[in-house]
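Participant: I would like to see how this sequence folds:
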Amino acid sequence: MSLESLVSKYTVSADKVLSKMEQVKGSTSVSEIDVSKTIEHARAYLEDAKYYKAHKKFETSLTSIAYCEGLLDALRLLGLVKFDWPAKQENEK
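Facilitator: Numbers count the residues shown, from 1 in each chain. Now for the predicted structure:
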């Protein structure tokens, strides 16, 4: 799979997650403000990935979307947000 294809796949997936996920309220160990700030960082990395993809800088784009996904996975693993990654078939649409 080409870098451009990988970037497209991961960008679509992260876009869907960010548009549908729910932030868990009332976390005792991490403030809701900190969770919101982390989500905004993930959104910024997604936008960076789209920008670099449009400028054919696929390595940088892939790195940016990987950071985005890492932040989203961390938030989910900590139980601070709820979402499921889109199924493979959805990403290919």
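
Participant: Give me the below-cutoff pLDDT ranges for this structure.
Facilitator: Scanning the chain for pLDDT under 70 picks out 27-28, 88-93.

Participant: at 90 what do you get?
Facilitator: The chain contains residues with pLDDT under 90 at 1-3, 6, 9-10, 22-31, 87-93.

Participant: how about the helices of it, start to end?
Facilitator: With DSSP state H as the criterion, the chain has helices at 3-20, 32-54, 58-77, 88-91.

Participant: gap between residue 36 and residue 61?
Facilitator: 25 Å (C-beta to C-beta, to the nearest Å). C-beta coordinates here come from the backbone N, C-alpha and C atoms, glycine included.

Participant: more neighbours, the two?
Facilitator: Legend: neighbour count by other C-beta atoms under 10 Å for residue 36 and residue 61, higher for residue 61 (25 against 11).

Participant: contacting residues for the nearest residue to that one once chain neighbours are set aside?
Facilitator: In space, and not counting its chain neighbours, residue 61 is closest to residue 52: 3.8 Å by C-beta to C-beta, 6 or more residues apart in numbering. Counting by C-beta atoms under 8 Å, 6 or more residues apart in numbering, residue 52 makes contact with 58, 60-61, 64.

Participant: In TSV: those, plus distance to residue 87.
Facilitator: Converted to TSV, the contacts of residue 52 look like this (distance: C-beta to C-beta, whole Å):
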residue	distance to residue 87
58	24
60	27
61	23
64	23
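
Participant: could you flag which of those residues are buried?
Facilitator: Neighbour counting over these (16 or more other C-beta atoms under 10 Å) leaves 58, 60-61, 64 as the buried ones.

Participant: Name the pair among those with the greatest separation in space.
Facilitator: Using C-beta to C-beta, those reach their maximum pairwise distance at 58 and 64, which is 10.5 Å.

Participant: before we move on, the earlier item: which of the helices of the chain sits closest to residue 26?
Facilitator: Residue 26 lies closest to helix 32-54 among the helices of the chain, at 7.9 Å (C-beta to C-beta).

Participant: Next, the angle helix 3-20 makes with that closest one.
Facilitator: Helix 32-54 runs at 150 degrees relative to helix 3-20, counting by axes from the mean of the first three to the mean of the last three C-alpha atoms, to 10 degrees.
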